[in-house]
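Chemist: generate coordinates for the sequence data below:
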Amino acid sequence: MQDQDKPAVLVRAVAGIDAAITARHHIALREFFDDGTEHLSRFTVDPTLAGLERLSQRLAAVPAPVTAIVEPTSMTWLALTLAVERAGGQMEMIGARHSSRLRGAIMGKNKSDVIDSEVLTHAGEIFDPPRLVLAAPGQLALRRAVVRRAGAVIDGNRYWRRLLSLARWAFPDVWAAFAGSESTALAVLGRWPDLRSLASARAATLTAVVAEHTRDVADTPARATAIKTAAR
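Modeler: Below is the predicted model:
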């Protein structure tokens, strides 16, 4: 027969972390005891080094290892994972779509940072989130570089298309004379950026530039003449 005076022993602990980018992180900590009881506590920490240190200290004070669950909010999960592992716990991640459905099933349409953090403590009861294993610093740096490069390529392509549309709008006759050859347009406008200078360019020089940057066109002098006439 169990001793009624014997204090309950903590079996496991689950922390739901509603991560923020600039606001405070909201944490809900559920502690499970061997007598079947639970204890829920809530606290917040700043998204700073001092705040992460406070999170590590708070979780390290729990007698049992803590399993924390977080959503992939930007890159905040990285620093939070380091803080949890420093406290001797482990981090698990659940997709925002799954946590949204879980919140709807538990709380309905109610939503707040406090609710989100508490809902995440129940994620392990419904889903089986895998343990979050941090990549090596080199892998993270490479991933970030690839993402930034992709964004730069997309932005550059967007700016280029905008520039082309403005060129077609500003001087449509000259652009039509290029006959759809972007290489010819870049070479000619790079050499004569002012249409007045293009209109007075030497025919032989203009023809040479057009011929150098035009392929499979038999009569380059005629194209050069059309460009010069349109600029004039």
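
Chemist: SS state for the residue nearest the centre of the chain?
Modeler: Central residue check for the chain by C-alpha atoms, centre = their mean: the C-alpha nearest the mean position is that of residue 74, 6.0 Å away. Assigned with DSSP: H, G, I helix; E, B strand; the rest coil, residue 74 falls in the coil class.

Chemist: quick check: the gap between it and residue 213.
Modeler: 45 Å (C-beta to C-beta, to the nearest Å). All C-beta spots, glycine's among them, are computed from the backbone N, C-alpha and C.

Chemist: repeat that for residue 225.
Modeler: In this view, residue 225 and residue 213 are 16 Å apart by C-beta to C-beta.

Chemist: now residue 136. Its backbone dihedrals?
Modeler: Per-residue torsions, residue 136: phi -70, psi 150 (degrees, to the nearest 10).

Chemist: just the one 10 residues further on next, same as before
Modeler: For residue 146, the backbone dihedrals (degrees, to the nearest 10) come out as phi -70, psi -40.

Chemist: start and end of stretch 162-179, how far apart?
Modeler: End-to-end span of stretch 162-179 (C-alpha to C-alpha, to the nearest Å): 19 Å.

Chemist: quick check: next helix or strand after the one helix or strand in the chain whose mean pLDDT sits lowest?
Modeler: None of the helices or strands of the chain scores lower by mean pLDDT, DSSP states H and E than helix 96-107, at a mean of 62. Sequence-wise, the next helix or strand downstream of helix 96-107 (DSSP states H and E) is helix 113-120.

Chemist: any buried residues in that following helix, and which?
Modeler: 113, 115, 116, 117, 118, 119, 120 (16 or more other C-beta atoms under 10 Å).

Chemist: could you do stretch 188-202 as well?
Modeler: Buried-residue list, stretch 188-202, by 16+ other C-beta under 10 Å: 188, 189, 192, 195, 198, 201.

Chemist: nearest to residue 168 among those?
Modeler: residue 189 (12.5 Å; C-beta to C-beta).

Chemist: show me where this protein has strands.
Modeler: Using DSSP state E, the strands of the chain run over 10-18, 25-33, 38-45, 66-70, 90-93.

Chemist: deepest-packed of the ones you listed, please.
Modeler: strand 66-70 (a mean of 24; mean count of other C-beta atoms under 10 Å).

Chemist: what sits against residue 129?
Modeler: Listed by C-beta atoms under 8 Å, 6 or more residues apart in numbering, the contact set of residue 129 reads 69, 92, 93, 94, 123.

Chemist: where does pLDDT dip in the chain?
Modeler: In the predicted model of the chain, residues 1-5, 96-113, 124-128 satisfy pLDDT under 70.
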